[in-house]
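Colleague: Pasted the sequence and its predicted model underneath.
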Amino acid sequence: MSKFQNALTINPAKSPFFYGYVILFMGTLGVYCSIPGQTIGVSVFTDPVKDALGLNRNQFSNAYMLGTIMSSLFISRGGVWFDKYGARYVAFFATLVLALTLLLCSFSAQMSEFIQQVLNQETWVIPFVLITCLFFLLRFAGQGILTMASRNMIMIWFDKNRGKVNMFSSVALSFGFSSSPLWVSALIDGYGWQHAWRYLALGLLIFSVLIFLFYKNKPEDHGLVPDGHKKDTETDDKTPQIGYKQFNLKEAMATRAFWMYAFMLAFNSFFITGLTFHVISIFASEGFPKEDAISIFLPGSVVAVTVSTVFNWLSDYLPLKLYLYLMLAGGVLAATGFLFLAYPFGIPFLVVGFGTLGGFFAVLNAIAWPRFYGRDHLGAITGKVMSFLVLASALAPPIFSFFFSTFGSYRLVGYLGLAFLTFMAIASIKSKNPQ
């Protein structure tokens, strides 16, 4: 590292306490700052932006879906960058790209009008293509790269205490994400959607400076080891490195565990996104009012936070295969409640089921990959998994909609979900920790 860089950054070895706790705070803040690129952050802008662009709801939703699918094709490349350049630079540039994209989004209506004037064409295709490209950048930089780099950095700085620190991060993010629509909506109501995006871009520019100062790639780069012990050069040279066998992406994908855990996490993204996107229509098709549909999310969040808190803490002591089957059980419960929504047990099953899915997702998506495959190629591995999750979340709304418009009911989704979970339960029997 150059003298200039040393003068501008913090030296973790000189910290009066283990610098991993700074990493925990900054990494959690990094995931939180990805909200403008997450569905929960974009959805608040839907109505004012689609109206300003002259798009109807279906066109706007399809643009979001296409942008998300496009981003899923490139996110795995971001994982390779993480392994090559480290969390600091990858997160720094992802934040700058996200900030620039938000700035461009704030001028999207003017840009669309200008392009239409230059081409002398008044058509919905121009704003559709423009916002699709902007959604691609939002999803790629925000939901994809910034989230992945920040979460992976935390996991690299801890080993035996990985579950405990992920517990604190998961709880903080659960409350942070659930409250974000309130303050984003207040920002839009107070200043308008264009200025709201500009203020978010300014906040990200400020955060990029904090990334440059405080993000650190590996504890070993600073004479430390995961969990907070200083490296003794005389004895540590004789001690095996933490991480066991370091799998690359090709080796990881050759194991059954990679596919079983990735598919289970992708199922969570698919089911929760589809349910959230169509929840009012789903409940209305079974004779429930809008208020009943919206009311399921608060108790579901309580279940998710409780599950993630308890099982993050216990994950340092328990095998993750138990977690996989408990997550499968949560999926079965959710799909059963989805199928029998009109019955007295339907809504409780659905709430407990999708809450359990979300809780174990928060644990396994962070803990499984470094425990199973080591830290050296964590970016490439989690980048590939992230591409599955993003693709699943992009496909869910149109698939749910297709089943309802074709068959007049969402129930087929529930039957297919139970069939998939049955397959997963059988296929996961021989899914073992590759270490």
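Modeller: Right, received. Where do you want to start? Residues are numbered from 1 along each chain as shown.
Colleague: For the nearest residue to residue 23 once chain neighbours are set aside, list the residues it contacts.
Modeller: Excluding the flanking residues, the one nearest residue 23 by Cβ to Cβ, 6 or more residues apart in numbering is residue 157, at 4.6 Å. In short, each C-beta sits where N, CA and C put it, glycine included. If you count contacts by Cβ atoms under 8 Å, 6 or more residues apart in numbering, residue 157 has them with 19-20, 23-24, 216, 218-219, 226.
Colleague: Select, from the residues you listed, the two members most distant in space.
Modeller: Greatest spatial distance in the contacts of residue 157: 24 and 218, 14.9 Å, computed using Cβ to Cβ.
Colleague: higher neighbour count, these two?
Modeller: More crowded of residue 24 and residue 218, by other Cβ atoms under 10 Å: residue 24, with 22 against 16.
Colleague: roughly how far apart are the closest residue to that one other than its chain neighbours and residue 227?
Modeller: Excluding the flanking residues, the one nearest residue 24 by Cβ to Cβ, 6+ apart is residue 165, at 5.1 Å. Here residue 165 is placed at a distance of 9 Å from residue 227 (Cβ to Cβ, to the nearest Å).
Colleague: where do the contact lists of these two overlap?
Modeller: 20, 158.
Colleague: The two: which has the busier surroundings?
Modeller: The residue with more neighbours, out of residue 165 and residue 227, is residue 165; 23 against 17, by other Cβ under 10 Å.
Colleague: Now do the SS call for residue 341.
Modeller: The three-state label given to residue 341 by DSSP: H, G, I helix; E, B strand; the rest coil is coil.
Colleague: Likewise for the one 3 residues further on?
Modeller: Judged by three-state DSSP, the three-state class of residue 344 is coil.
Colleague: Need the per-residue pLDDT for it.
Modeller: With respect to pLDDT, residue 344 scores 90.
Colleague: what phi and what psi does the backbone show at it?
Modeller: phi -60, psi -30 (degrees, to the nearest 10).
Colleague: list the buried ones in the helix or strand encompassing residue 368?
Modeller: Assessed by DSSP states H and E, residue 368 sits inside helix 346-373. Across helix 346-373, burial judged by 16 or more other Cβ atoms under 10 Å covers 346-347, 349-373.
Colleague: chain center to that helix, what's the gap?
Modeller: Remark: helix 346-373 is offset 13 Å from the chain centroid, using Cα atoms, centre = their mean, to the nearest Å.
Colleague: need the next SSE after that helix, C-terminal direction.
Modeller: With secondary structure assigned by DSSP H and E, helix 346-373 is succeeded by helix 378-407.
Colleague: And that next one, what does it pack against?
Modeller: helix 57-72, helix 75-106, helix 147-157, helix 249-253, helix 256-285, helix 346-373, helix 411-427 (3 or more Cβ pairs under 8 Å, 6 or more residues apart in numbering; DSSP states H and E).
Colleague: can you tell which of these is closest to residue 132?
Modeller: helix 57-72 (4.3 Å).
Colleague: how far does the closest one sit from the chain's center?
Modeller: 17 Å.
Colleague: Ok, stretch 157-169 next?
Modeller: Centroid separation for stretch 157-169 versus its chain: 18 Å, with Cα atoms, centre = their mean.
Colleague: quick one: average pLDDT of that stretch?
Modeller: In this model, stretch 157-169 has a mean pLDDT of 88.
Colleague: Make 45 the first number, not 1, from now on.
Modeller: That works, and once the first residue is 45, the last one we named lands at stretch 201-213.
Colleague: Using PDB, write out every CA atom in it.
Modeller: Output of stretch 201-213 as PDB, limited to C-alpha atoms (Å, rounded to 0.1, in the frame of the first residue of the first chain):
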ATOM      1  CA  TRP A 201     -13.400 -11.100   9.300                       C
ATOM      2  CA  PHE A 202     -15.000 -13.700  11.500                       C
ATOM      3  CA  ASP A 203     -14.900 -17.500  11.600                       C
ATOM      4  CA  LYS A 204     -15.900 -19.200  14.900                       C
ATOM      5  CA  ASN A 205     -18.100 -16.200  15.800                       C
ATOM      6  CA  ARG A 206     -19.500 -15.800  12.300                       C
ATOM      7  CA  GLY A 207     -23.100 -16.800  13.400                       C
ATOM      8  CA  LYS A 208     -23.100 -14.400  16.300                       C
ATOM      9  CA  VAL A 209     -22.000 -11.300  14.300                       C
ATOM     10  CA  ASN A 210     -24.400 -12.200  11.500                       C
ATOM     11  CA  MET A 211     -27.200 -12.300  14.200                       C
ATOM     12  CA  PHE A 212     -26.600  -8.600  15.000                       C
ATOM     13  CA  SER A 213     -26.300  -7.700  11.400                       C
END
